[in-house]
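S.K.: Please work out how this folds:
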Amino acid sequence: MLILSNIRERWAGFLGTFVAIVVGVGLITTTLIMYDSSRPQVQPRYEGAAALALPHQATDVDGRPDDLIPWSPSKTTSLVAKLSAVPGVASAVVDRSFYAQGFRGDKPAPDDGALEDGHGYASASIAPYHLVSGRPPAAADEVVVPRSLGVAPGAELTVNITAGRTQFKVVGTMEGPGYYFTDAFAAQQEPGVRDIALIADKGVSAGGITAKAEKAVGDAGTVVSGDGRSALQPAYIEHKRFLGTQLIAAMAILGLFTTVFVVASMLVLSTGLRRREIGLLRTVGASPRQVRRMVLGEAAVVGLLGSVAGCLVGIGVAPLLRNILDGLEVTPPHLAIKVDAWPLLTAALIGVGVSVLGAWAASRVAAKVAPIEALLDSRSANKTMGRARWLSGLVVLGLGVVLAIATATASADSRVNMAIFATMVLIVAAALLAPVFVGPVGRFLTAPFQRLGSAGPLLIRAELSANSRRAASLAAPVIAAVGFAVLLSGMVETMRVAYPAGEARTVAGQLIVTADGTPGNTEEVVAANPVGKAALPTRAFVLGAAGKATVLDVLGSRDARWDKPGQAVLGEQTAKDLSLKAGQDTSLRFADGTTVRLRVARVLPGDPARGDFVVARSLVRKHDPSALNDDIFVPAKDRPTTLVPGTALHDAEQYALADYNTDAKLTDSLAVMLIVIAVGYSGIAVANSMAMTAHGRRRDFSVMKSAGGTVRQLLLFSVGETTLVVAVGAALGVLVTLPPLAGMASGLSQANSTHVGLQLNLGTVAAAIVGSLLLAVTSSVAVTWRTMRRAAA
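M.R.: Numbers count the residues shown, from 1 in each chain. As a prediction, this is how the structure comes out:
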């Protein structure tokens, strides 16, 4: 009852914490709902399959599950025979997907899923689509096309496949997407098999055949049914989901850190303002344990109420976030918001946990309050830093410096995450050590104004020196707001300089033939451009000890230095990851399910232009007939005179810059979202902290007013003190981000072999500082003004 009574009577003191938890839990709820809604769904094409037999999954070099290891044609034939004999299975359908895209004149028909739109006609039996007109294909030059293409049976149609533009006779139309060829033709395009669909007999459930099918497959793979069929996803959907998930994860991590940081700072501040009240409780007999339980109980109740409100806010905001992500094209098509129980329970538990965790340090301090402090100023214990705070601050600072240095040597995939993590650690260190800077900075900045003879600067100076810990708690949200604004905007600016510089260095003086409306270049395009780099990428599997398969990108090259049968050239990092050395043999399994032995001819320093695992081009084409070619780099002197339809010619350097600018627009949008979240949340905390402090100092203002201070003088005092606190927080926020940004710039310089300096977006930094100052001053002045009016009344 005491806890609830305290909350009712001191609701203004708990309001800031409540608002911070509402915002934090709301953000976490929204991101969890979006993550849950974005999880893979069973594709419509597999709705007619009761179950899917899948081969084993390989891992990438970091040990994470990745691509399915395709079965060979002979293995597939054996598995189909076994699965067809399973009781309850009407048929076992070999499902193949490969590149197919219709042309309208010289222009490819727009199709996001063209890379996997080609199928054997047997695959139509597992889809909910039906033949609208015509008949199934019976010859290699016949095709069934989507009705939406607007081509009637009997017409001739140019279909682009890996070989190039090919004439087919349209013999039927399907009500759904996809191009359906004979199964023999599909087997030529995609010999390897990644799934066998099982169609159940009428009246037989998926569960009734799954267990039996697993026995038939044995150790060759696994069988999935129900939602497990979502394991197969088109590449373009997976790419969008990956981008969206990365952004959602960044928002969740940033929101969680900011919530913990802000709530802990506000609870420490709130408890520090109650030292006299806690001293009174100790005087009337409250034990340290009871004080601790009171503080933790108050935090738990406020956390629970804030979490409930935050969950409701998150549910309401989720559609808005979906619309924003849709506009950025980083969500799967037709994403529908669904609200399950687990995101709400998880967010609520996080909210309560963060509140209690943040109150833990405050409760320890509160439990040490002596009864005599009921007679002292509630801020008397805020003068110096304790030994524990010194030790914690220095340890965290050291860890932050180590992480900042590690940012320079981190891999390209982890460099950004390392910089963000280092900044988070340094922000915590700055908040712990801030009391050390508040007093000296206050004395330095107020010194020039003391000569004016005004009492205001003297009061501000004395207040900051005597109550440095309270001022540090006020500065903490500013450190976070400015720090994240500097970091995120600086990262974007640094990458904007680094990546174009690296591209310009590697492609200067060349032309580039790119796909225009298609997902890649066909063999027809390569034949039309016989000179220049024409890499042929594929996904292949390095077979290690105990049958372990590691999937990676392999490039087929027509460069005479690397185009040597039976040999492979590896980058140093790839060779290290695979534990391979020059002169060793390795087994490589290709997309057709065939395993080939290769000799590692050379191990060279990493070079993106060459590739990290390079083999002969003919080897890749032989074992991956459906693979499309990368962009083709042509020396300027060999400029092509004609272009194959579906391609475009550009200056390589200008194209690289334009391509980066396109990607940079997405990066800028994502960075802006994260900055708005970090700065907006921290800004709310700044306003709440200033309002709490002003409200808690009502007695101080009354005393100063009784001593002759006017309302104007008190407001100027409040503005001056707030401005200095924000200045300290802003300075620390900028300083803590410089080491991670410098480390990132150094790493990019090494990766691109060109100098990259530390870049800052001064406009964003200024906006964050000015915004924090305006919020702080406005809230502080508003509460001070109300306090003075009430005192006058």
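S.K.: thinking in terms of the whole chain, how far from its middle is stretch 20-39?
M.R.: Relative to its parent chain, stretch 20-39 has a centroid offset of 14 Å by Cα atoms, centre = their mean, to the nearest Å.
S.K.: go on, stretch 118-125?
M.R.: Worked out by Cα atoms, centre = their mean, stretch 118-125 lies 36 Å from the chain centre.
S.K.: Need the distance between the two termini of it.
M.R.: For stretch 118-125, the first-to-last residue distance is 15 Å (Cα to Cα, to the nearest Å).
S.K.: buried sites along that stretch?
M.R.: 118-124 (16 or more other Cβ atoms under 10 Å). Quick note: C-beta positions are derived from backbone N, CA and C, even for glycine.
S.K.: Stretch 317-334 too?
M.R.: 317-318, 321-322, 325, 328, 330-332.
S.K.: what's in contact with that stretch?
M.R.: By Cβ atoms under 8 Å, 6 or more residues apart in numbering, the residues outside stretch 317-334 that reach it are 26, 29-31, 33-34, 37-38, 41, 237, 240-241, 243-244, 247, 335, 337, 339, 666, 669-670, 673.
S.K.: quick one: what helix or strand has the spatially most central residue of the chain in it?
M.R.: Centroid-nearest residue in the chain: residue 246, 2.1 Å away (criterion: Cα atoms, centre = their mean). Assigned by DSSP states H and E, residue 246 belongs to helix 235-272.
S.K.: For that helix, the averaged confidence score.
M.R.: Averaging pLDDT along helix 235-272 yields 78.
S.K.: Equivalent analysis for stretch 721-733, please.
M.R.: Across stretch 721-733, the per-residue pLDDT values average to 84.
S.K.: Return the set of buried residues in it.
M.R.: Across stretch 721-733, burial judged by 16+ other Cβ under 10 Å covers 721-733.
S.K.: closest to residue 55 among the residues you listed?
M.R.: residue 733 (51.3 Å; Cβ to Cβ).
S.K.: from memory that closest one sits against residue 426, does it?
M.R.: No. Residue 733 lies out of contact with residue 426 (Cβ atoms under 8 Å); the separation is 9.8 Å.
S.K.: Pull up the overlap in contacts between the two.
M.R.: residue 483.
S.K.: Could you pull out the strands in the stretch 401-550 of the chain for me?
M.R.: Shown for the stretch 401-550 of the chain, the strands assigned by DSSP state E, counting those that start in this stretch span residues 510-515, 533-534, 536-543, 549-557.
S.K.: Hmm, I typed the wrong one, I wanted the stretch 51-200 of the chain.
M.R.: Using DSSP E, counting those that start in this stretch, strands in the stretch 51-200 of the chain cover 51-55, 57-59, 65-68, 89-95, 101-104, 107-108, 118-120, 131-134, 142-146, 156-161, 164-174, 179-181, 195-200.
S.K.: circling back: mind putting the buried residues of stretch 118-125 into CSV with pLDDT and distance to residue 56?
M.R.: Below are the buried residues of stretch 118-125 laid out as CSV (pLDDT from 0 to 100; distance: Cβ to Cβ, whole Å):
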residue, pLDDT, distance to residue 56
118, 96, 25
119, 96, 23
120, 95, 23
121, 95, 28
122, 94, 24
123, 94, 22
124, 93, 27
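S.K.: Would you mind listing the outside residues contacting stretch 429-444?
M.R.: With Cβ under 8 Å, 6+ apart as the test, stretch 429-444 has contacts from 261, 265, 384-385, 389, 392-394, 396-397, 399-400, 460-461, 464-465, 468-469, 471-472, 475-476, 479-480, 483, 724-725, 727-729, 731-733, 735-736.
S.K.: Of these, keep whichever come out buried.
M.R.: So, of the contacts of stretch 429-444, 261, 265, 385, 389, 392-393, 396-397, 400, 460-461, 464-465, 468-469, 471-472, 475-476, 479-480, 483, 724-725, 727-729, 731-733, 735-736 end up buried under the neighbour-count rule (16+ other Cβ under 10 Å).
S.K.: Just the ones in helices from those, please.
M.R.: Per DSSP state H, helices hold the following members of those: 261, 265, 389, 392-393, 396-397, 400, 460-461, 464-465, 468-469, 471-472, 475-476, 479-480, 483, 724-725, 727-729, 731-733, 735-736.
S.K.: so where is the stretch 151-300 of the chain shaky, pLDDT-wise?
M.R.: Low-confidence segments of the stretch 151-300 of the chain (pLDDT under 70): 268-282, 284.
S.K.: how about a cut-off of 90?
M.R.: 176, 201-208, 211, 227, 230-300 (pLDDT under 90).
S.K.: Let me see the contact set for residue 27.
M.R.: So residue 27 contacts 251-252, 255, 259, 314, 677, 681 (Cβ under 8 Å, 6+ apart).
S.K.: what mean pLDDT would you report for the one helix or strand it maps to?
M.R.: Taking DSSP H and E as the criterion, residue 27 maps to helix 11-37. For helix 11-37, mean pLDDT is 81.
S.K.: tell me the angle it makes with helix 235-272.
M.R.: Angle of helix 11-37 versus helix 235-272, following axes from the mean of the first three to the mean of the last three Cα atoms, to 10 degrees, is 170 degrees.
S.K.: and helix 11-37, how far from the chain's centre?
M.R.: 20 Å.
S.K.: likewise stretch 585-595?
M.R.: 33 Å.
S.K.: and if you look at stretch 193-210?
M.R.: 36 Å.
S.K.: May I have the distance across it, first residue to last?
M.R.: One end of stretch 193-210 to the other measures 19 Å (Cα to Cα).
S.K.: what sits up against that stretch?
M.R.: 46, 48-55, 68, 70-71, 73, 76, 79-80, 83, 86-96, 123, 125-126, 213, 223-226, 232, 593.
S.K.: which residues touch the nearest residue to residue 348 once chain neighbours are set aside?
M.R.: Leaving aside its sequence neighbours, residue 348 sits nearest to residue 307 (Cβ to Cβ, 6 or more residues apart in numbering; 4.1 Å). The contact partners of residue 307, by Cβ under 8 Å, 6+ apart, come to 21, 25, 347-352.
S.K.: Check whether residue 351 really touches residue 302, as I assumed.
M.R.: No. Counting by Cβ under 8 Å, residue 351 sits too far from residue 302 to count as a contact (9.7 Å).
S.K.: These two - which one has more neighbours?
M.R.: residue 351 (30 against 27; other Cβ atoms under 10 Å).
S.K.: Show the contacting residues for that one.
M.R.: Counting by Cβ under 8 Å, 6+ apart, residue 351 makes contact with 21, 24-25, 28, 259, 303-304, 306-307, 310.
S.K.: Residue 604: which of those residues is nearest?
M.R.: Nearest to residue 604 among the contacts of residue 351 is residue 28, at 45.8 Å by Cβ to Cβ.
S.K.: doesn't residue 643 fall inside a strand?
M.R.: No. Counting by DSSP: H, G, I helix; E, B strand; the rest coil, residue 643 is not found in a strand; it is coil.
S.K.: my read: it touches residue 632, true?
M.R.: No. The criterion here is Cβ under 8 Å, and residue 643 misses it with residue 632 at 11.1 Å.
S.K.: Looking at those two, which one has more neighbours?
M.R.: Higher neighbour count among residue 643 and residue 632: residue 632, with 25 against 15, using other Cβ under 10 Å.
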